[in-house]
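Participant: Here is a sequence with its predicted model. Questions after.
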Amino acid sequence: MADGEARSVGAVGTLGDAQHRASDGGDWRGQCPRDRAARLCSALSLERFGRQAVGRNGRTADDGDVDGAAAAGCRHTVREGTSVPGKGERRRSAIVEAARTLFYRRGFNATSYADIAEKAGIGKGHVQYYFSTKDDILKAVAEARVEGVRKVLEEWSLDCGTPYDCLERFVAMFEANAPDLALYGCPMGTLNDELGKTQPMLQEEAREMFDLFLRWLEARFRAVVDGDEARARAEFLMAQAQGISVLAHAYRDPDLIARQSRMVRAWLKEACKAS
């Protein structure tokens, strides 16, 4: 399907899977840009909108229509599980990537819609079009980070060798990111710390990154110890990494991570010996 063609949107309202036409039954492409945008905005209200916005002649909305709707102040969001035009997908990804960087470097509460729009190189209206609240952006960022963690762990699992070799990759990851960790802290730790104080419900979204790492670390330790001990060692290794990141950030010292990583590796060699 070409970029200019609107892709199907999963039904979320009472109208199910039926295709619905614009409210006046006409083709919005023949209207002036603002009128067309307003009509498309109405059609895109997902509470009453089925799979495609289609004019009487069967033509679908294109990227220009969506841009116009956003510029005219349409704030209906593209919800989870739906799909958007090709250009829209790229724009949404740019928003999420910009937000991910800013939430990490500035913090969630210190980042505004305008900041995200500027970083993404788009108008503020486009950000509000895809995400009606900043909490929605956070959820998308958390999902993207979780997916990134999942892919990393899948790659690590392919050919990591001995339990020590596998677990050492976790230590090496922190070493490789020492400059950013010293400047901004650990992205997992700083986000959980901030949300835990002000928005505990949103913290659950961010905590899943820890859950993924801990389950993976525990599975590696289970090759040498049983039950609760494997979980305890996984938690200890994670706690070491988080503590080192906090200290390196406090002193703005990436070399601290290299020094402490040597200590962690020495412990890890002992921890990976079969009991």
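Facilitator: That came in fine, so what should we check first? Numbers count the residues shown, from 1 in each chain.

Participant: Report the mean per-residue pLDDT for stretch 153-170.
Facilitator: For stretch 153-170, the mean pLDDT works out to 92.

Participant: That stretch: which residues count as buried?
Facilitator: Residues L153, W156, P163, Y164, C166, L167, E168, R169, F170 are the ones in stretch 153-170 that count as buried (16 or more other C-beta atoms under 10 Å). No exception for glycine: its C-beta is placed from N, CA and C like everyone else's.

Participant: Stretch 249-264 now?
Facilitator: Buried, per 16+ other C-beta under 10 Å, within stretch 249-264: H249, P254, L256, I257, Q260, S261, V264.

Participant: Can you show me the CA trace of the helix or strand containing the fifth one as CSV?
Facilitator: Under the criterion of DSSP states H and E, Q260 resides in helix 254-271. Only the C-alpha atoms of helix 254-271 are listed here, as CSV (Å, rounded to 0.1, in the frame of the first residue of the first chain):
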residue,chain,number,x,y,z
PRO,A,254,32.5,7.5,33.5
ASP,A,255,35.8,6.0,34.6
LEU,A,256,34.1,5.0,37.9
ILE,A,257,32.0,2.6,35.8
ALA,A,258,35.1,0.9,34.4
ARG,A,259,36.7,0.6,37.8
GLN,A,260,33.7,-0.9,39.4
SER,A,261,32.9,-3.2,36.5
ARG,A,262,36.2,-5.0,37.2
MET,A,263,34.9,-5.6,40.8
VAL,A,264,31.6,-6.9,39.5
ARG,A,265,33.3,-9.3,37.1
ALA,A,266,35.4,-10.7,39.9
TRP,A,267,32.2,-11.4,41.9
LEU,A,268,30.4,-12.7,38.8
LYS,A,269,33.1,-15.4,38.3
GLU,A,270,32.6,-16.7,41.8
ALA,A,271,28.8,-16.4,41.5
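
Participant: got the contact list for it?
Facilitator: Here helix 254-271 makes contact (C-beta atoms under 8 Å, 6 or more residues apart in numbering) with 164, 167-168, 171, 174-175, 178-179, 181-182, 221, 224, 233, 237, 240-241, 244-245, 247-248.
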